[in-house]
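>>> Build me a model:
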Amino acid sequence: MLSILLSSHEAIWTLALGSSLLSCSLLLAFLREHGPVRVIRLILERIKSYRFILDAPNMIQDGYDTSRGLPFVVDSPDVRYHLVSNPKHIDEIDRAPNEVLSLQAAAKVLLRPEYSMHNFSWFEKRGTDGTPLPKTVRTLLRNELPKILPKTRLVNSEIMDEMLSGSEKQAPVSKVIRECVARTNAIAFFGEELANNKEFMHAAEDFIDKTVYIAEAARILPGVVGSIVVKFLEAWYSSQHIIFNALEPIAQQRIDERTRASGGEIVPEHKDCIQYIMEESLHFKSSQCERTEPWAAGRIVHELMALWFGAVHTMAMATTFAVKDICMHPVYVEPLRRELESPAYAIWEATGSGLPLLDSFIKESARVNPLDNVSTRRKALAPFTLSDGTHVKTGEWLATPLAAMLKDAQHWAEPLEFHGFRHVDAKHLASLGDNSGFKTPDSGKTALYTDVSKWQTWGTGRMAW
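Residues are numbered from 1 along each chain as shown. Have a look, this model is predicted:
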């Protein structure tokens, strides 16, 4: 229909004139009701909010510097952020009830899953229909790491041999890392059969980028225009539908197997996230959520898609930055290699714990190269007031200025300098022998990369990952 209209000059002029007249009439009506001063102020505020798209780091840094620890406001095109850095205020955010401040509602705005994840319209309040992910990720999946890690090491070696060898032009490092991270996660999430399915994996990797494109289009483009573009992108980008259509029958098969097993039939044993989420959804209690019925196959797949996006998108970027930093600071290559060639690697592969030098290097890379400008996002589902009187209206957001906090000299010694072993205990570093040239300027703050107590990268408190 649109192509027919655009082929006619008369139609184009009619559309243009009609749109102009409609816009003018709406503007005149608004001017009559509110006056020119308010209209100009609203236009300027809107223009300033769009600056956030291009200059968010500097806007947040300026607000952080001038606020001196107090909450401050930054507007984006679709969200008003109240940014807090005081530990007391961060704790108040963490303790707020889910029906007042919601991480899940914020994530829904960021990702637009109803368009980017095969019509996944999740609830704004966390736990409405159950929360199987914490136990799935923190316990069940972690328990399987000793079996998963050796497989991923072999798979990643094959990927690197294929993509980085030969006479042809080598693939960019970021692409190699994305494929390694995707395949590693696929083994844990979906099992080896799907992880080795090239068509599925191509869609699974493509889904990461397309989710970002759809979500950003919905965020940037206003009103009706945004809705039209987003719906077009939803139909045009097929990867989300390929993933859903591939996983739904598998999830249904697992549900059917569970039913047969309850009748005494022997069924195959599965150790992947499809199985974990399905089994956890069978044990919801009324004291924990409003809806206690087991999840259908489609609901299981939607949860997997959201988890998959977070796991691959963030870890691929973090790993790429770490590789960049080792190239920029080659002095760390030898001690890291010695650690990986020592018995400590076998212990890490068996337990998922250890390798303090590598852990510190990755953490320092994440500190210097934060994956986002803010963390601990919460959307206010009801009015909320901090202890200092800062009032957050319904629909506005609270967050922490992550990037600015990670560069603050009050929190970190020599914050703009890269110290790969900053987070290693000084005594441990000294015990390794010839590592005296490495500084640990924050020796009193040694902690693992995954520690969340004073490390906003993973979020805050009970909602941190």
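>>> which stretches of the stretch 351-465 of the chain have low pLDDT?
Applying pLDDT under 70 to the stretch 351-465 of the chain flags residues 434-436, 443-454, 461-465.
>>> could you pull out the helices for it?
356-368, 402-406, 426-431 (DSSP state H, counting those that start in this stretch).
>>> Which positions within the last one qualify as buried?
By neighbour count, and taking 16 or more other CB atoms under 10 Å as the criterion, the buried residues in helix 426-431 are residue 429. C-betas here are computed from N, CA, C, even on glycine.
>>> now do the first one
Buried residues in helix 356-368, counting neighbours by 16+ other CB under 10 Å, are found at 356-368.
>>> what does stretch 202-210 rub up against?
The contact list for stretch 202-210 (CB atoms under 8 Å, 6 or more residues apart in numbering) reads 116, 178-179, 182, 186, 233, 237-240, 242-243, 246, 305, 308-309, 312-313, 316.
>>> ok, 7 Å please
Stretch 202-210 has contacts (CB atoms under 7 Å, 6 or more residues apart in numbering) with 116, 178-179, 182, 186, 237, 239-240, 242-243, 308-309, 312-313.
>>> cool, and stretch 277-284?
130, 132, 135-136, 251, 254-255, 258, 292, 294-295, 300, 303-304.
>>> dump the residue contacts of residue 74.
By CB under 7 Å, 6+ apart, the neighbours of residue 74 are 52, 59, 60, 63, 81, 83.
>>> Counting only strands, which of those make the cut?
Cross-referencing these against strands under DSSP state E gives 81, 83.
>>> can you tell me the average pLDDT over stretch 327-344?
The average pLDDT for stretch 327-344 rounds to 93.
>>> sorry, back to before: in a markdown table, list the contacts of stretch 202-210 along with secondary structure and pLDDT.
Output for these, formatted as a markdown table (DSSP: H, G, I helix; E, B strand; the rest coil; pLDDT from 0 to 100):
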| residue | secondary structure | pLDDT |
| --- | --- | --- |
| 116 | helix | 94 |
| 178 | helix | 95 |
| 179 | helix | 95 |
| 182 | helix | 96 |
| 186 | helix | 95 |
| 237 | coil | 93 |
| 239 | helix | 96 |
| 240 | helix | 96 |
| 242 | helix | 96 |
| 243 | helix | 96 |
| 308 | helix | 95 |
| 309 | helix | 95 |
| 312 | helix | 95 |
| 313 | helix | 94 |
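>>> Among those residues, find the one with the greatest number of neighbours, please.
Among these, the one with the most neighbours (other CB atoms under 10 Å) is residue 116, at 27 neighbours.
>>> on that earlier part again, nearest to residue 393, of the contacts of residue 74?
Closest approach to residue 393 among those (CB to CB): residue 81, at 12.4 Å.
>>> Number of residues surrounding the closest one?
So residue 81, with other CB under 10 Å, has 26 neighbours.
>>> And the pLDDT at it?
97.
>>> Distance of it relative to residue 384?
14 Å (CB to CB, to the nearest Å).
>>> For the nearest residue to residue 51 once chain neighbours are set aside, which residues are in contact?
In space, not counting the residues next to it along the chain, residue 51 is nearest to residue 59; the distance is 6.8 Å by CB to CB, 6 or more residues apart in numbering. Residues counted as contacts of residue 59 (CB under 7 Å, 6+ apart) are 51, 52, 74.
>>> Apart from its neighbours in sequence, what residue is nearest the second one?
Spatial nearest neighbour of residue 52, chain neighbours left out: residue 76 (4.1 Å); criterion: CB to CB, 6+ apart.
>>> Give the burial count for the one you found, as a bare number.
18.
>>> And the pLDDT for it?
90.
>>> Find the helix or strand that the most centrally placed residue in the chain is a member of.
The centroid of the chain falls nearest to residue 310 when counting by CA atoms, centre = their mean (4.2 Å). Using DSSP states H and E, residue 310 sits in helix 297-328.
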